[in-house]
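Q: After the sequence you'll find the predicted model.
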Amino acid sequence: MSAFALASTFSSVDDFFSSTTWLVGRNLGIFFAGFFWLSVAWWVLRDARRRIEDPWLVAIATVVGLALPFVGALVYLLFRSPELLEDVRERELEIRAMEERLGRRLLHCPKCRAEVEQSFLVCPICTTRLKRACRGCHAPLEPLWQVCPHCESPADLSAAGYE
């Protein structure tokens, strides 16, 4: 390769890098890289607010996402909480509701499976006898009770058919 061909190759490369096409392309590339960097930092801020309760930790996550271009967002992705605060609150509410439901003892009629209350003597749907009534105070008695806890009357096991 001759010196003239080599000089003309470098001359054309130099002409390309000093052209307005290169300057516009370079400036657009810098603009879009900066815009993408700020967009990633904005995303880190919004995501951290949805996952972290402490405002100081949100600020630190945002600074890491902003200070280390593109690498900071990857670091944040590695160490962020796996679930959203909204999901945590919803799960806690569901657990509380389940505990409440389990705490309340739901009774069902043995025949028709309708919900009945603790104080019912018969099922209001199918009229199945659920408990016997005390002879003295007419309070509902559990099947195993030998005496009424309210009025101390002995339970009549033979009259109700619970022998």
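A: Great, that's in hand.

Q: where does the chain dip in pLDDT?
A: Filtered on pLDDT under 70, the chain yields the residue ranges 1-10, 103-105, 157-163.

Q: mind giving me the domain ranges of it?
A: 3-87, 105-163 (automatic domain parsing).

Q: Identify each buried residue in stretch 43-52, please.
A: Of all the residues in stretch 43-52, those buried under the rule 16 or more other CB atoms under 10 Å are V44, L45, D47, A48, R51, I52. Just so you know, the C-beta spots here come from the backbone N, C-alpha and C atoms, and that holds for glycine as well.

Q: residues touching G136, list them.
A: Going by CB atoms under 8 Å, 6 or more residues apart in numbering, G136 touches C148, H150, C151, E152, S153.

Q: redo that, cut-off 6 Å
A: G136 makes contact with C151, S153, according to CB atoms under 6 Å, 6 or more residues apart in numbering.

Q: quick one on the thing from earlier: among the buried residues of stretch 43-52, which one sits closest to I125?
A: The closest of those to I125 turns out to be R51 (CB to CB; 48.9 Å).

Q: which residues in the chain form strands?
A: 107-108, 115-116, 132-133, 140-141 (DSSP state E).

Q: Not counting the last one itself, show me its contacts.
A: When contacts are defined by CB under 6 Å, 6+ apart, strand 140-141 is touched by residues S119, L121, K131, R132, C134, A155.
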